[in-house]
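Q: Fold the following and give me the result.
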Amino acid sequence: MTAVPTIVWVNARLPLIDISRFRGTAAQRARFLAELRYAAHEIGFFYVVGHGVPESLTNGIFDVAKEFFALPLEQRLEIENIHSPQFRGYTGTGHEYTAGSPDRREQIDIGPERPAVPPAPGQPAWQRLIGPNQWPAALPQLRATTLAWQAEALRVSREVLRALAAALGQDEGYFDAWFDEEASTHIKIIHYPGRDTGDDDQGVGAHKDYGYLALLQQDAVGGLQVQGPDGWIDAVPVAGSFVFNIGEMLEIATQGYLTATKHRVVSPPPGVDRYSVPFFLGPRLDAVVEPLELPAELAARARGVSADADNPLLAQYGENALIGWLRSHPAVAERWWSDILAERT
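A: Numbering: from 1, shown residues only. Now for the predicted structure:
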């Protein structure tokens, strides 16, 4: 595991990984795992190609996104997330907060399609995150296209996670137990409007993702930036690729050998619209992340779990997820979670 692999770099900063090589010959697989391990450990962000998602679907998700955000505001507000205790549905520009400041984006939040869990004494608060999505009556094709894209994003993300397990010296099915039909996956379909002259350029403030992995399909406009040792690195769009990044749960599981990297989105310039669809690979809400036993060579290079007073990392996934939702959507939290907020004041 000592050799530094020769991998494809984009703009000399972010590596590009061909996931199809994970199922190649033994020699191809070994070389691939070395490349993936290096990219995930050193940077925590990388492009993935060779994923097999049909172009008709990657184009289709952007087509329905543009149709939805072109609907009259009153039709978008019919599925506003203020109606959902699970934080699902439409959020207008400036109504989600990152790092304490409003983001300049509008979006739809979509999770697993499940019935709500009736409240019961003694149940964990995070169980109330389980529930249905909201879909616009004016655009029925949004549901079918989104769920088809979600299934493919889950397949690819699971493949990358299994490859990461192997790259870390584990059985490739190591993480599978937490990713059954109860896994807590999450999609955002996002529109970033061009900023007005003189506006703050925060599309999304600097943050880390709290699941295991995040997959991003971005359009050709760009705006995603990754925090590097010498400043912000532009994740320039690469046709046919997804951008992947390490989440906080993998940082906990690897004791910091893999680290969740801060990133942000800069608003597009005036008159330019940007669309993106991130998919967040979260485990079951009842998952408790336990440190895995790394090979000695990797364990010696683990950096420890990040200590951030404003963003403590919790091994209990459901609680970590709930904290994120309450912090990001204060209006929804106040309407549906006031009892929990009162308990935590």
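
Q: alpha carbons only for contacts and neighbour counts from here, please
A: Will do.

Q: Looking at strand pairing, list the partners for Phe244.
A: Each beta-bridge partner of Phe244 is listed here, defined by DSSP bridges: Phe46, Leu215.

Q: list the contacts for it?
A: 45-48, 213-216 (C-alpha atoms under 8 Å, 6 or more residues apart in numbering).

Q: Could you name the helices and strands sitting against the helix or strand hosting Asp109?
A: In this assignment (DSSP states H and E), Asp109 forms part of strand 106-110. Using 3 or more C-alpha pairs under 8 Å, 6 or more residues apart in numbering; DSSP states H and E as the contact criterion, the neighbours of strand 106-110 among helices and strands are strand 89-91, strand 186-192.

Q: rerun that using 10 Å as the cut-off
A: Contacting strand 106-110 under the criterion 3 or more C-alpha pairs under 10 Å, 6 or more residues apart in numbering; DSSP states H and E are the following elements: helix 55-69, strand 89-91, helix 141-167, strand 186-192, strand 274-281.

Q: Comparing those, which comes out most buried?
A: strand 89-91 (a mean of 25; mean count of other C-alpha atoms under 10 Å).

Q: quick one: average confidence on it?
A: The predicted model gives strand 89-91 an average pLDDT of 97.

Q: Now do that strand: everything it contacts.
A: 69, 76-84, 105-111, 132-136, 188-190, 329 (C-alpha atoms under 10 Å, 6 or more residues apart in numbering).

Q: try it again with 7 Å
A: Under the criterion C-alpha atoms under 7 Å, 6 or more residues apart in numbering, residues 76-77, 79-81, 106-110, 133-134 lie in contact with strand 89-91.

Q: if we can go back for a sec, as JSON lines, the contacts of Phe244 with distance to Arg29, pLDDT and neighbour count would be great.
A: Shown next, in JSON lines, are the contacts of Phe244 (distance: C-alpha to C-alpha, whole Å; pLDDT from 0 to 100; neighbours: other C-alpha atoms under 10 Å):
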{"residue": "Phe45", "distance to Arg29": "20", "pLDDT": "95", "neighbour count": "26"}
{"residue": "Phe46", "distance to Arg29": "18", "pLDDT": "96", "neighbour count": "23"}
{"residue": "Tyr47", "distance to Arg29": "18", "pLDDT": "96", "neighbour count": "25"}
{"residue": "Val48", "distance to Arg29": "15", "pLDDT": "97", "neighbour count": "23"}
{"residue": "Leu213", "distance to Arg29": "21", "pLDDT": "96", "neighbour count": "23"}
{"residue": "Ala214", "distance to Arg29": "23", "pLDDT": "97", "neighbour count": "24"}
{"residue": "Leu215", "distance to Arg29": "22", "pLDDT": "98", "neighbour count": "25"}
{"residue": "Leu216", "distance to Arg29": "24", "pLDDT": "98", "neighbour count": "21"}
